[in-house]
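Trainee: Need coordinates for the below:
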Amino acid sequence: MSRGFRGGAGFARPENALKRADELENVGQKLSALQQLHDVVTSKKHRTWSKTYEEIMFKLIDLCVEMKKRNHAKEALMQYRNMCQQVNINSLEEVIKYYLNKATEKAEEARQQAEAKTLDAVEDLEEDAKPEDLMLSYVSGDKSRDRTDRELVTPWFRFLWESYRSVLEILRTNPKLEALYAMVACRAFGFCLTYKRNAEFRRLCDILRQHLANMTKYREQRDITQPESLNLFLETRFEQLKTACELQMWAEAFRSVEDIQALIALGKRQPKQQMMATYYSRLTQIFAVSQAYLYHAYAWLKLFNFSRSYNKNLTASDQQMMATSVVLATLSILPYERALFGRTDDLSHEQEKERTIRMANILGFTVDKRADYKSILTRSALVSSINSMNLLALVPPEVRATYELLTSEFNPLELCKKLDPLLASLQHIASPMSAASPVKDLNMEQYIPSLKQVAVLRALKQLNEVYSTMHISELAGLVPFMGFGDVEAVVVDAVKYEYLQLRVDHRNGTLHFGSQQLEGDKIRNHMALLAKRLAKAAAMIDPTPPAAVEQTRTAALQLCRENVAKEHSRLLARKQVIEKRKEQAEALMMEQEREEERKRLQAAREQELLEEKRRREEAARREKERLERELEEQEMEEARQLLEQTRRKKGGALVGL
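Mentor: As a prediction, this is how the structure comes out:
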């Protein structure tokens, strides 16, 4: 007489449960087979890992994926994690990889099946849709492709997404599973990127952010500032930043940048050089899309300095293109600042200060909070950096001429006309970047609209110093690359933020610049300019310098000839000292990393020895309990047999009487 099904927990050996599950699956009872395996894995009787449990997990995952039983898989994986996290982490990794691979295969099969089904519904590819089919599709309001996706693809994609979430939730608590956690997170990023799942990517970033916040909050229980742990978290966040940029989710990309900056501050050490180069290259993309050209230019400047200092394989062409990007990004910055949210009260100033300090930290600048926030990141500081670093010697002649026009020359009547052919040539100056460059392609055309706006502002500012009134038609003739409507929009914005004093009179067709009286600053500027040009004219008329000036010049040249070799040797020696110090610093850093790695490996070996000792003691204890239990059962069996013999003897005696 056969007994009723008692569940998988009733089996004394897990092999029997696996065999029973195969039998149930063969007769079509897959749900019963799944429940039996689930009961075996989650049973409190089975807590010691063995190879059989890995086979059970593979079978259970096959059934869970086939029937979309995500909760069963999650519970089994949690129990299996507890079972093997101290014994065999590799087994858990193999099981999780198998689970995600099976779910991914099913989702991809469903997508291919949906595409085939949609194509099969079309009898003739060259025949147009029938009128009745068009009417039915519009009346129902549902396209055949959408219906097919909802029926076949969406359930499997939802199951795959929920599988990633469940696995991340399972792995987040154990420090030994950090590498597996990072691998699953990167695979989840790949899922979002492959199938363009923007909403799921945003939720995934929030989940990872919440996990990290919990780890940071309970740092006394789990130290994530260890070099290996911190490096894994940084690599995950850099993959998150890359995926966000490729999905063009720029807000999420900026939040990823803030996550990276928080991790860097938490670890108090810079990441690898390749990571930092990627970090600054992504910043240039984010700030370019948001049209924050001030931060965009600073990101380019940091990337250029970083690459030139640490990237020995950077070619001369790469340096030229990167220097060109720094110069053009700097020139694209408006010469005035826009107030935050259009307000100028104390609250907006405080918010602007917090934002500026936060951006400076993101860009890698150390900021004193007591300093004036308006002097931290400025256009004038960028121009000074370009001049001090002599970047103009690296850029093409067209960019150099553009820089001179927009920074130093005073020629309001010809500025825009001279700039027009230079802007046209910017579209063709970009050259391919080498494999060593952190930036793979450059788009110089993105700066042209901003450069046009800056050129118009500079021309109007110079006209404001010369003219009091001008006809609109004359101004339109001075700006060949922009219509007057666009010029008027630029004027309105500049007047709003008090950069220009200008009034447009459409009735009379005139422009009125500022007030009718010249101010002290304007008089001083005009007099200084007049003095410079008079000195230049005097030198052209009488080029012969006085004897004293000639003697001074000759002495200076002689001193220069005497000291040039010595100065050159001193500079070479200084360069060698700097290179030597840099090599020593790199060697010291590598030695520190090797020492940390040695200590970590030693701690891991000690932990493994302790764990091995614990396992041996646990095995000895279980063996002792087993022997005691067998001895007790043997004594009980002997006592029972003795009692049975006594009863039989008494019964025989009674029968004899």
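Trainee: Identify the residues contacting residue 531.
Mentor: With contacts defined as C-beta atoms under 8 Å, 6 or more residues apart in numbering, residue 531 has no neighbours. C-beta here means a position set from N, CA and C on the backbone, and glycine is covered the same way.
Trainee: average model confidence for whichever strand or helix holds it?
Mentor: Using DSSP states H and E, residue 531 falls within helix 520-541. For helix 520-541, mean pLDDT rounds to 74.
Trainee: The next helix-or-strand element following that helix - contacts with which helices or strands?
Mentor: As assigned by DSSP H and E, the chain's next helix or strand after helix 520-541 is helix 547-656. With contacts taken as 3 or more C-beta pairs under 8 Å, 6 or more residues apart in numbering; DSSP states H and E, helix 547-656 sits against helix 227-246.
Trainee: same for the helix it packs on, what does it pack against?
Mentor: Contact partners of helix 227-246 among helices and strands, from 3+ C-beta pairs under 8 Å, 6+ apart: helix 178-194, helix 198-217, helix 250-267, helix 273-289, helix 547-656.
Trainee: For that helix, buried residues please.
Mentor: Residues 229-245 are the ones in helix 227-246 that count as buried (16 or more other C-beta atoms under 10 Å).
Trainee: which residues are in contact with that helix?
Mentor: 175, 178-179, 181-182, 185-186, 189-190, 192-193, 201, 205, 208, 212, 223-224, 250, 252-253, 256-257, 259-260, 263-264, 266-267, 269, 271, 275, 278-279, 282, 285-286, 593, 596, 600.
Trainee: quick one: average confidence on that helix?
Mentor: 90.
Trainee: then it to CSV, C-alphas only?
Mentor: Extracted in CSV, the C-alpha atoms of helix 227-246 (Å, rounded to 0.1, in the frame of the first residue of the first chain):
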residue,chain,number,x,y,z
PRO,A,227,40.5,48.5,-1.4
GLU,A,228,39.0,45.4,-3.0
SER,A,229,35.5,46.2,-2.0
LEU,A,230,35.7,49.9,-2.9
ASN,A,231,37.2,49.0,-6.3
LEU,A,232,34.3,46.7,-7.1
PHE,A,233,31.7,49.3,-6.2
LEU,A,234,33.6,51.9,-8.3
GLU,A,235,33.7,49.6,-11.3
THR,A,236,30.0,49.0,-10.9
ARG,A,237,29.3,52.7,-10.8
PHE,A,238,31.5,53.4,-13.8
GLU,A,239,29.6,50.7,-15.8
GLN,A,240,26.4,52.4,-14.6
LEU,A,241,27.7,55.8,-15.9
LYS,A,242,28.6,54.2,-19.2
THR,A,243,25.2,52.6,-19.6
ALA,A,244,23.4,55.9,-18.7
CYS,A,245,25.4,57.8,-21.3
GLU,A,246,24.7,55.2,-24.0
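Trainee: Can you check what angle separates that helix from helix 547-656?
Mentor: Counting by axes from the mean of the first three to the mean of the last three C-alpha atoms, to 10 degrees, helix 227-246 lies at 110 degrees to helix 547-656.
Trainee: circling back to that earlier point, with mean pLDDT as added columns, please give the helices and strands packed on helix 227-246 in CSV.
Mentor: Converted to CSV, the helices and strands packed on helix 227-246 look like this (pLDDT from 0 to 100):
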stretch, mean pLDDT
helix 178-194, 91
helix 198-217, 89
helix 250-267, 88
helix 273-289, 88
helix 547-656, 85
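Trainee: Tell me how many other residues crowd residue 430.
Mentor: 15 (other C-beta atoms under 10 Å).
Trainee: quick one: it is in a helix?
Mentor: No - counting by DSSP: H, G, I helix; E, B strand; the rest coil, residue 430 falls outside a helix, being coil.
Trainee: Next one: it, what pLDDT does it get?
Mentor: What the model reports as pLDDT for residue 430 is 77.
Trainee: got a list of what it touches?
Mentor: 321, 441-444.
Trainee: looking at those residues, which has the most residues close by?
Mentor: Neighbour-wise, the contacts of residue 430 (other C-beta under 10 Å) top out at residue 321, 26 neighbours.
Trainee: so how far is residue 110 from residue 54?
Mentor: In this view, residue 54 and residue 110 are 28 Å apart by C-beta to C-beta, to the nearest Å.
Trainee: What backbone torsions are found at residue 440?
Mentor: Phi and psi for residue 440, reported as degrees, to the nearest 10, are phi -90, psi -30.
Trainee: Likewise for the one 3 residues further on?
Mentor: The phi and psi values for residue 443, taken as degrees, to the nearest 10, are phi -130, psi 100.
Trainee: need the contact list for it.
Mentor: residue 430.
Trainee: make it 10 Å
Mentor: Contacts here follow C-beta atoms under 10 Å, 6 or more residues apart in numbering; on that basis residue 443 touches 288, 325, 427, 430.
Trainee: which SS state does residue 503 fall under?
Mentor: Following three-state DSSP, we place residue 503 in the strand state.
Trainee: That one against residue 514, yeah?
Mentor: Yes - between residue 503 and residue 514 there is a contact at 9.1 Å, judged by C-beta atoms under 10 Å.
Trainee: Of those two, give the one with the bigger neighbour count.
Mentor: Legend: neighbour count by other C-beta under 10 Å for residue 503 and residue 514, higher for residue 514 (16 against 13).
Trainee: Make sure that one is actually in contact with residue 499.
Mentor: No - applying C-beta under 10 Å as the test, residue 514 and residue 499 come out as separate, 11.8 Å apart.
Trainee: who touches both of the two?
Mentor: With C-beta under 10 Å, 6+ apart as the test, residue 514 and residue 499 both reach residue 464.
Trainee: Does residue 611 touch residue 89 like I think?
Mentor: No - with contact defined as C-beta under 10 Å, residue 611 does not reach residue 89; the gap is 11.5 Å.
Trainee: between the two, which one's more packed in?
Mentor: Comparing residue 611 with residue 89 by other C-beta under 10 Å, the one with more neighbours is residue 89, at 16 against 12.
Trainee: I'd like the distance between the residue nearest to the spatial centre of the chain and residue 612.
Mentor: Centroid-nearest residue in the chain: residue 241, 1.5 Å away (criterion: C-alpha atoms, centre = their mean). Distance of residue 241 to residue 612, given as C-beta to C-beta: 41 Å.
Trainee: try residue 527
Mentor: 88 Å.
Trainee: Please identify which pair of the contacts of residue 443 lies farthest apart.
Mentor: With C-beta to C-beta as the measure, no two of those lie farther apart than 288 and 427, at 16.5 Å.
Trainee: If you count surrounding residues, which of the two has more?
Mentor: A direct count of neighbours by other C-beta under 10 Å for residue 288 and residue 427 places residue 288 higher, at 21 against 11.
Trainee: My read is that the more buried one contacts residue 329, right?
Mentor: Yes - using C-beta under 10 Å, residue 288 is in contact with residue 329, at 8.1 Å.
Trainee: what residues are shared contacts of those two?
Mentor: Common neighbours of residue 288 and residue 329, using C-beta under 10 Å, 6+ apart, are 295-296, 299-300, 446-447.
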